[in-house]
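K.L.:
task: produce atomic coordinates for the following.
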Amino acid sequence: MSVDHYENFPVASILMPRRLRKPVAAIYHFARAADDIADEGDLPDAERLRRLDEFRAELKRIETDESPHTPLFRRLAAEVQAHALPMPPFYDLLDAFSQDVVKKRYADFAELQDYCRRSANPVGNLLLHLYEEATPVALAYSDAICSALQLINFWQDVARDYAIGRIYLPQEDLAKFGVEEAQIAQGVDDEAWRALMEFEVDRARTLMLQGAPLGSMLRGRIGLEMRMIIAGGLRILDKLQAADYDMFRHRPVLRPFDWVIMLAKSAPLRF
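P.N.:
Presented below is the predicted three-dimensional model:
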């Protein structure tokens, strides 16, 4: 369910119809390049924001039927035109990456949900447009799945995010369960930490299950791919729970046997 830096993206999956692999790759490379600007290396924040503004300028050229300046955006422009892809999701992704540069803490879950709306949900929106399945109901299910995947990524990567100065756990939740930031820095998984993470994992699982009907709405290999993505996210949550929420020393990853389990759980559901 994850690929390199930009997770939650089913890139070049064997389940992806061949006709969609090129546009999916173009969207992925845009998202990964922008994500790398926000996260990688030791650039000052001002330079990161400037480079993301250059990406916005390239998107504007696509919108106004001008030729983009870079090969990355010329490839993206071709797919946007070929598949009539909406432009707002691309801008939303850039807004989220820019936010990562300047915002390191989240006061409450509402703030975090707003971030997920721009950092994760646009991916599902674009994929549904590629699938020609972008109905209001499908988009609502997709938003729930994508936000859940983003939360799952945060929960498995608490230590990694802290290492680059970010905490996505809502501050109000830390206070509610009596967890200090120093505890994250030291990797202390005591009773308070386990109670906090049980709460966050349950919230992510509930959100994922809210969106799960999408996997049965979509047809053929696309539907199977979606059910595998859902099963993968739930499997990571199961692994977090099995590790007693000690992701500091037992960061969950999907191994070959997990894919067997996920496939077995990916039969179409009836709702």
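K.L.:
going forward, measure contacts between C-alpha atoms and count neighbours the same way
P.N.:
Fine.
K.L.:
what's near enough to touch residue 87?
P.N.:
By Cα atoms under 8 Å, 6 or more residues apart in numbering, residue 87 lies in contact with 59, 63.
K.L.:
how about the helices in the stretch 51-200 of the chain?
P.N.:
In the stretch 51-200 of the chain, the helices defined using DSSP state H, counting those that start in this stretch lie at 71-83, 88-102, 109-119, 121-131, 136-156, 158-163, 171-177, 181-186, 191-211.
K.L.:
so which of these comes closest to residue 20?
P.N.:
helix 121-131 (7.2 Å; Cα to Cα).
K.L.:
domain ranges for this protein, per the record?
P.N.:
Domain ranges of the chain: 14-102, 104-271, per automatic domain parsing.
K.L.:
most packed of those?
P.N.:
Neighbour counts (mean count of other Cα atoms under 10 Å) averaged over each of these peak at domain 104-271, with a mean of 18.
K.L.:
average model confidence for that one?
P.N.:
The average pLDDT within domain 104-271 is 90.
K.L.:
list the helices and strands the helix or strand harbouring residue 221 packs on?
P.N.:
Element membership of residue 221, judged by DSSP states H and E, is helix 220-242. If you count contacts as 3 or more Cα pairs under 8 Å, 6 or more residues apart in numbering; DSSP states H and E, helix 220-242 packs onto helix 136-156, helix 191-211, helix 214-217, helix 256-264.
K.L.:
just the angle between it and helix 121-131, please?
P.N.:
For helix 220-242 against helix 121-131, the angle by axes from the mean of the first three to the mean of the last three Cα atoms, to 10 degrees is 160 degrees.
K.L.:
right, so of the helices of the stretch 51-200 of the chain, which gets closest to residue 39?
P.N.:
Nearest to residue 39 among the helices of the stretch 51-200 of the chain is helix 88-102 (7.7 Å), distances taken as Cα to Cα.
K.L.:
can you list contacts of that closest one?
P.N.:
Among residues not part of helix 88-102, those counted as contacts by Cα under 8 Å, 6+ apart are 31, 34-35, 38-39, 45, 48-49, 52, 55-56, 59, 115, 118-120, 122-123, 125-126.
K.L.:
and it, C-alpha only, in PDB?
P.N.:
Extracted C-alpha coordinates of helix 88-102, given in PDB (Å, rounded to 0.1, in the frame of the first residue of the first chain):
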ATOM      1  CA  PRO A  88      -8.000  21.500  -7.500                       C
ATOM      2  CA  PRO A  89      -6.700  18.200  -6.100                       C
ATOM      3  CA  PHE A  90      -3.200  19.000  -7.400                       C
ATOM      4  CA  TYR A  91      -3.300  22.400  -5.700                       C
ATOM      5  CA  ASP A  92      -4.600  20.800  -2.500                       C
ATOM      6  CA  LEU A  93      -1.600  18.500  -2.400                       C
ATOM      7  CA  LEU A  94       0.800  21.400  -2.800                       C
ATOM      8  CA  ASP A  95      -1.100  23.300   0.000                       C
ATOM      9  CA  ALA A  96      -0.600  20.300   2.300                       C
ATOM     10  CA  PHE A  97       3.100  19.900   1.400                       C
ATOM     11  CA  SER A  98       3.600  23.700   2.000                       C
ATOM     12  CA  GLN A  99       1.900  23.200   5.400                       C
ATOM     13  CA  ASP A 100       4.300  20.500   6.300                       C
ATOM     14  CA  VAL A 101       7.100  23.000   5.900                       C
ATOM     15  CA  VAL A 102       5.700  25.500   8.400                       C
END
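K.L.:
coming back round to it: so for residue 25, which of the helices of the stretch 51-200 of the chain sits nearest?
P.N.:
Each of the helices of the stretch 51-200 of the chain has some distance to residue 25 by Cα to Cα; the shortest is helix 71-83, at 9.1 Å.
K.L.:
average pLDDT for the closest one?
P.N.:
97.
K.L.:
can you check what angle separates that helix from helix 121-131?
P.N.:
Going by the same axes, to 10 degrees, helix 71-83 makes 50 degrees with helix 121-131.
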